[in-house]
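>>> give me a 3D structure for the following:
(one chain, ligands or ions: 1)
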Amino acid sequence: MEDIRNIFCIGRNYAKHAEELGNEVPSEPLLFTKPTNALALADGSVLSFPATKGEIHYELEIVLKIGKDVEEGDSLADVISEMALGVDLTLRDVQSKLKEKGHPWLRAKGFRHSAILTPFFSFPGSEACKEIPFSLTKNGVGVQRGHTAQMIFSFEEILKECDAAFGLKKGDLLFTGTPEGVGKIADRDVFVLYWGEEEKGRFRASIA
Ligand code: ZN
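Got it, this is the predicted structure:
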């Protein structure tokens with residue numbers, strides 16, 4: 001993960017997830033970033049999370065890795081050759097307070113181990129992705145299951161928007177949003193991330 005540069009994330013990219021949190025479905029992508037210090041690998045490790053910041057929510061997401069510095073006219077296929085599954089963690093109570101004050105989300109979205117990644121695997125293209133569900137289990141029970149066909153903004157649109165706004169370079173990551181079913185993490189919960197039927201990564205939570 002040493003070659004990862006910037007972590008860009010899109011919020012509310014699945015209508016049912018926006019609804020479950022009582023948020024409006026956005027008309028343009030809601031974008032935020034995480035520091036690279038937030039990265040952790042879902043390789044079976046125990047990952048520690050803060051015990052004194054209120055509820056911590058998991059959000060399963062598809063993560064695209066930018067494989068080259070993006071230039072005008074590049075297509076998605078030119079730019080993306082690898083993907084991963086990720087969990088975007090949110091300190092939900094902290095985020096609610098920040099939203100009330102109109103403050104940035106960084107404290108709620110950028111804490112240690114808040115950007116969890118499986119190992120990267122080859123990206124089959126956005127059409128093929130629509131045929132493959134991605135899912136998350138918590139202690140053996142399915143909690144989130146999504147299809148990219150349910151996304152509000154497509155991979156292509158997110159790529160275009162992020163490149164126009166920030167410029168995208170080799171090693172940048174795009175967290176592409178979470179389907180419905182987000183929920184709370186408790187101490188000792190075990191999470192497993194699946195691409196289709198295939199396990200791609202797992203981690204155990206330690207909250208102390
Ligand atoms: Zn998210």
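>>> tell me the SS of the closest residue to residue 107 other than its chain neighbours?
Leaving out its chain neighbours, the residue that sits closest to residue 107 by C-beta to C-beta, 6 or more residues apart in numbering is residue 94, at 5.7 Å. For the C-beta atoms, the positions are set from N, CA and C on the backbone; glycine is no exception. When classified by DSSP: H, G, I helix; E, B strand; the rest coil, residue 94 comes out as helix.
>>> and residue 94, what does it touch?
Residue 94 sits next to 53, 54, 107, 108 when contact means C-beta atoms under 8 Å, 6 or more residues apart in numbering.
>>> isn't the first one up against residue 96?
Okay, so that is residue 53. No - the criterion here is C-beta atoms under 8 Å, and residue 53 misses it with residue 96 at 11.7 Å.
>>> and the least confident helix or strand in the chain by mean pLDDT, is it in reach of the ion?
The weakest-scoring helix or strand in the chain, judged by mean pLDDT, DSSP states H and E, is helix 15-20 (a mean of 82). No - Helix 15-20 lies out of reach of the ion by C-beta under 5 Å from the ion, never closer than 8.4 Å.
>>> list the contacts of that helix.
12, 24-26, 59, 150, 152, 177-182.
>>> show me how to select, in ChimeraX, the buried members of the contacts of residue 94.
Only the buried entries of those go into this ChimeraX selection, using 16 or more other C-beta atoms under 10 Å:
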select :108
